[in-house]
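Trainee: Okay, sequence plus prediction incoming.
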Protein chains: 2
Amino acid sequence: MTQNNSSEALKIIPLGGLHEIGKNTCVFEYGDEIILLDAGLAFPTDGMHGVNIVLPDMTYLRENRHKIKGMIVTHGHEDHIGGIPFHLKQFDIPVIYGPRLAMALLEGKLEEAGVADRTEIRTVRPRDIVRIGSYFFVEFIRNTHSIADSFTVAIHTPVGIVIHTGDFKFDHTPVDGEFFDFQKLAEYGEKGVHCLISDSTNSEVPGFTPSERAVFPNLDRIFSQAQGRLLVTTFASSVHRINMILELAKKHNRVVSVIGRSMLNVIAHARNLGYIKCEDDLLQPLHMTHKLPDSSVLILTTGSQGEPMSAMTRIANGEHRQVKARQGDTIVFSANPIPGNTIAVVNTIDKLMMQGAKVVYGKDQGIHVSGHGCQEDQKLMIGLTRPRFFLPVHGEHRMLVKHSQTAQSTGIPAENMVIIDNGDVIELGKDSIRKAGKVPAGIELVDTSRSGMVNDKVLKERQQLAGDGIVTIAATIDGEGHLFSKPEVHLRGVVSAIERPVLQSKAEEAIAAVLRDRWKDFTRE
Amino acid sequence: MTQNNSSEALKIIPLGGLHEIGKNTCVFEYGDEIILLDAGLAFPTDGMHGVNIVLPDMTYLRENRHKIKGMIVTHGHEDHIGGIPFHLKQFDIPVIYGPRLAMALLEGKLEEAGVADRTEIRTVRPRDIVRIGSYFFVEFIRNTHSIADSFTVAIHTPVGIVIHTGDFKFDHTPVDGEFFDFQKLAEYGEKGVHCLISDSTNSEVPGFTPSERAVFPNLDRIFSQAQGRLLVTTFASSVHRINMILELAKKHNRVVSVIGRSMLNVIAHARNLGYIKCEDDLLQPLHMTHKLPDSSVLILTTGSQGEPMSAMTRIANGEHRQVKARQGDTIVFSANPIPGNTIAVVNTIDKLMMQGAKVVYGKDQGIHVSGHGCQEDQKLMIGLTRPRFFLPVHGEHRMLVKHSQTAQSTGIPAENMVIIDNGDVIELGKDSIRKAGKVPAGIELVDTSRSGMVNDKVLKERQQLAGDGIVTIAATIDGEGHLFSKPEVHLRGVVSAIERPVLQSKAEEAIAAVLRDRWKDFTRE
Ligand SMILES: [Zn+2]
Ligand SMILES: [Zn+2]
Ligand SMILES: [Zn+2]
Ligand SMILES: [Zn+2]
């Protein structure tokens, strides 16, 4: 039945995740059927005032909602699952297949958004194969990444096998003992991979990414040197890192208090599913630690990126109600700042140091490693799968270009790969890969505090208001265009070389003059 | 005459440049006399809407203007001279001594601001000694830095000799052949330096800073590989870099067109004074290059930091009227992004690449070196001067802390140094250094487009407007508090889950209700 479409091409349409790190969302379309791979969110950049979430433009999926047969999820990071609750408000997704941890996190999100009934969630295990619609089979292949329970997927399509790496590194000594399934990957390489779609995050970085375990001895050293309290911050989703921190806390006889909503959420789900292993009494609520000596306490917290509302930022600003930084504290930043967060992070570090804490941070401490493979890892991925066609994704433009150069260095011809942007329609045929058209691929900005969309017009208005401020004038005018009384001039956010009272009277004069000279123009219509 | 004050302490009061990189401004006060060292500006950070220049709070100098005897300037960077025209609007500075290039740049600024008559500018040469007021003698010592004609200064004060490094690196092969005056520095070390005030910019970086000349072979290689046009961007003030780019342009038979106001300004002054050497016909206006083959053209431009209005950013956005990036262009970023500018820079690079240009950027290219010494250079500075007391400046808090640790590793006792913040009053006595009080040291924000100050209130208003937008309501009310007609509700930058027409009618109802219920409250006063 699927065979009579064999002359057709598979359409691959990334709606997000290209020319950026974030909101990874990819459409696979064949005949009249669509499957989705991941649907993430991104965070706002400068000038996106009052926006806290950025989503891809979903016009194409709204218009083709009847084609959607299901979704596959590679892992539980926000840039891969964070968009799903928003999309489900606009269209149904019959079924979502994904790893247990990601699905547990997703279920919480869907319930919170009140859209849990718009889809059916099914968890998968390594080497599970699922059929979605009439054209697609998907096999889930265990990979290694900074979050536990992460997958590379092999998508069997009518044009051939497409491997999407998801986010990956090659970690030969994974903290959870779950090894990358090289055997399955190599088996596909032997059978023949038609196209490899691969993670470009670290394509500008030479060499290999070290194992997550490499941070263990360095954290151990820092923990053993700490005299007073330990405060440790990392990404809430870095399950392996959190596991090691808990193990080291136990080793150094410290109880752990977790603060920050997202970290509590991830730890609860990960413990529940066995991805984080620790005894109940290792974890203690904050108030229980007040009676303990400082040297028996470790506070694990969000805020490694200097996020304004996070626990660590509030501690640094002296605004956290229960925790104040103080002399004797050792504060560990077990994360590198993402570009764009650098200033926020170093400001946080400075403020903590000024309160007398010892702050351990920076690359030379060896307390953070990336969850994404570097150039040599990317070559190894290509070597294992030996694909005919190649599509670099999950990266900014120059990362995609660099990744394509790396791929060419391994022998894939330049004409067998394309550098794509969000919204590009890639047609993958039996013997060709090419860009063929474009679907809408802008961004949608969400102001969650008002549960509304910040459209371009609103954003432009906000930027103008921020740059210039606003002058409002209230004037009562009679039928002939004469002012009844002095107009009220009100300034907000306005700067002027003229002093305010002078400005006020100048504005009044100007209004009176305009009314006098141009009243007829106003009344004409 | 100066000797009867010998029991008094010298006051050192930094008004800017501490806990930040920028707006370096330092007060030296003894008896009833003040001299200033540098007066720079800083650039706005996130949330400073509509602000383009940040200045230190000058309250202390306004109140003590009668004490000001003069100013010394170390070099011509904006973070050392950019504040002077603004300050001269508030108080006179009898005399400003500084290097020729910095003074030439400063004179232009003073004329533009219309304050050239508020001071007297005097240029100095290496080893010049000037007397300012009754207590201070200052010797200018040639140093090496990213801008030409830069000085370290030895300030002879009644409590002893204070050496202020200014901004420095140790460049043994300076592009302009002007060597660091080690001999003079060592002579002071031999005589006895009471206090060293030293540049902390790179105190977190181990090792030595390479010579500016290290970029030459790498630029040479890139220039020789370029087939089409070359576009090169660097800091406008990097005189040595510009000199090398011009030399290489000549070598590779390219004429140079300079675009960007600040770069044209620096090059004009530096050529005039002999710090940039090139034949007249090497430099050509842009329109002259249109007739030449691409391989004979080099465009030297501002915008290495992705500044929104700069030439390179406008080229990347396709908004530059005369220059469009195109296939065959080689575009060279000979500068590293300053933290906070990273996103703007990589976005610019991506956009240029998407237009088909080859973009050369990044640390591994070896086309940028810092103008500030690293840890080993900082040790060498201490070794040459062997000061008794030590004051780290020009850096964020953790850089100052790190620099003080480096100083301790060279044998200066911890009690002979202080970590300071803007506004701290440091008393340097014959046998002690200590913090003694605080003067106002906030920031003043300038919106130059309106030549006005953005005070805290205006800034807060702008932040609120940006985050929330504004609702204005115009209603005509009779003497009894009844609405004459439907009120006009106007939204700007407002997001709401409710649709606009519904919101409008809800607002009208609410206004009518408030007027009905609370009219008496409004009229009572
Ligand atoms: Zn990702
Ligand atoms: Zn991920
Ligand atoms: Zn400086
Ligand atoms: Zn400088």
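Mentor: Arrived safely. Note that the coordinates shown come from a computational prediction; the quantities given were computed from them, not determined experimentally. Numbers count the residues shown, from 1 in each chain, chains lettered A, B, ... in the order given. Ligands and ions are numbered 1, 2, ... in the order given.
Trainee: Please make it C-alpha for all contacts and neighbour counts, starting now.
Mentor: Noted.
Trainee: Show me how far the lowest-mean-pLDDT helix or strand in chain A is from its chain's centre.
Mentor: Least confident helix or strand, chain A: strand A:452-454 with a mean of 74, by mean pLDDT, DSSP states H and E. When C-alpha coordinates are averaged (CA atoms, centre = their mean, to the nearest Å), strand A:452-454 and its chain have centres 19 Å apart.
Trainee: Packing partners of it?
Mentor: Contact analysis of strand A:452-454 by 3 or more CA pairs under 8 Å, 6 or more residues apart in numbering or on different chains; DSSP states H and E lists strand A:443-447 as its packing neighbours.
Trainee: Direction included, what does the strand it packs on pair up with?
Mentor: Based on DSSP bridges, the pairing partners of strand A:443-447 within the sheet are strand A:53-56 (antiparallel), strand A:452-454 (antiparallel).
Trainee: Which SSE is immediately downstream of the shortest one?
Mentor: Per DSSP states H and E, strand A:452-454 leads on to helix A:456-468 as the next helix or strand towards the C-terminus.
Trainee: Chain B contacts on the stretch 1-150 of chain A?
Mentor: Remark: the part of the stretch 1-150 of chain A in contact with chain B comprises A:46, A:49-51, using CA under 8 Å from any CA of the partner chain.
Trainee: what would those look like in a markdown table with neighbour count, pLDDT and secondary structure?
Mentor: What follows is those, written out as a markdown table (neighbours: other CA atoms under 10 Å in any protein chain shown; pLDDT from 0 to 100; DSSP: H, G, I helix; E, B strand; the rest coil):
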| residue | neighbour count | pLDDT | secondary structure |
| --- | --- | --- | --- |
| A:Asp46 | 10 | 77 | coil |
| A:His49 | 27 | 83 | coil |
| A:Gly50 | 26 | 81 | coil |
| A:Val51 | 23 | 85 | coil |
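Trainee: in the stretch 401-525 of chain A, which spans are helices?
Mentor: Along the stretch 401-525 of chain A, the stretches classed as helices by DSSP state H, counting those that start in this stretch are A:456-468, A:500-524.
Trainee: who's in contact with A:Val458?
Mentor: Residues near A:Val458 by CA atoms under 8 Å, 6 or more residues apart in numbering or on different chains: B:492-495.
Trainee: what's whichever residue of the stretch 51-200 of chain A sits closest to chain B in contact with, if anything?
Mentor: In the stretch 51-200 of chain A, no residue comes nearer to chain B than A:Val51, which is 7.9 Å away by CA to the nearest CA. Residues touching A:Val51, when contacts are defined by CA under 8 Å, 6+ apart, comprise A:44, A:445-448, A:454, B:467.
Trainee: Now the phi/psi pair for it, please.
Mentor: Torsion angles at A:Val51 (phi, psi; degrees, to the nearest 10) stand at phi -100, psi 140.
Trainee: before we move on, the earlier item: how about the residues of the stretch 1-150 of chain A next to chain B in CSV, adding distance to B:Ile412?
Mentor: Supplementary listing: these in CSV, determined by distance: CA to CA, whole Å:
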residue, distance to B:Ile412
A:Asp46, 44
A:His49, 48
A:Gly50, 50
A:Val51, 50
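Trainee: which of these lies closest to A:Pro210?
Mentor: Sorting the residues of the stretch 1-150 of chain A next to chain B by how near they are to A:Pro210, with CA to CA, puts A:Asp46 at the top with 32.2 Å.
Trainee: Provide the secondary structure category for the closest residue to A:Gln227 other than its chain neighbours.
Mentor: Once its chain neighbours are removed from consideration, A:Gln227 has its nearest residue in A:Ser295; the separation is 5.8 Å (CA to CA, 6 or more residues apart in numbering or on different chains). Using DSSP: H, G, I helix; E, B strand; the rest coil as the criterion, the local structure at A:Ser295 reads helix.
Trainee: burial of A:Ser295, as a residue count?
Mentor: Using other CA atoms under 10 Å in any protein chain shown as the criterion, A:Ser295 is surrounded by 17 other residues.
Trainee: Contact partners for it?
Mentor: A:226-230, A:254.
Trainee: 6 Å - rerun?
Mentor: Counting by CA atoms under 6 Å, 6 or more residues apart in numbering or on different chains, A:Ser295 makes contact with A:227-229.
Trainee: Ok, A:Lys109 next?
Mentor: Contacts here follow CA under 6 Å, 6+ apart; on that basis A:Lys109 touches nothing.
Trainee: and the host helix or strand of it, average pLDDT?
Mentor: In this assignment (DSSP H and E), A:Lys109 forms part of helix A:100-113. Helix A:100-113 carries an average pLDDT of 97.
Trainee: for it, which positions count as buried?
Mentor: Neighbour counts over helix A:100-113 (16 or more other CA atoms under 10 Å in any protein chain shown) mark A:100-107, A:109-110 as buried.
Trainee: TSV for these, including distance to A:Tyr135?
Mentor: Putting the buried residues of helix A:100-113 into TSV (distance: CA to CA, whole Å) gives the following:
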residue	distance to A:Tyr135
A:Arg100	25
A:Leu101	27
A:Ala102	25
A:Met103	24
A:Ala104	28
A:Leu105	29
A:Leu106	26
A:Glu107	27
A:Lys109	30
A:Leu110	28
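Trainee: Among the residues you listed, which one lies nearest to B:Lys430?
Mentor: Proximity of those to B:Lys430 (CA to CA) peaks at A:Leu105, which lies at 64.9 Å.
Trainee: which ones are touching that closest one?
Mentor: Taking CA under 6 Å, 6+ apart, we find A:Leu105 in contact with no residue.
Trainee: run the last query once more with 7 Å
Mentor: If a contact means CA atoms under 7 Å, 6 or more residues apart in numbering or on different chains, then A:Leu105 has A:Gly76 as its contacts.
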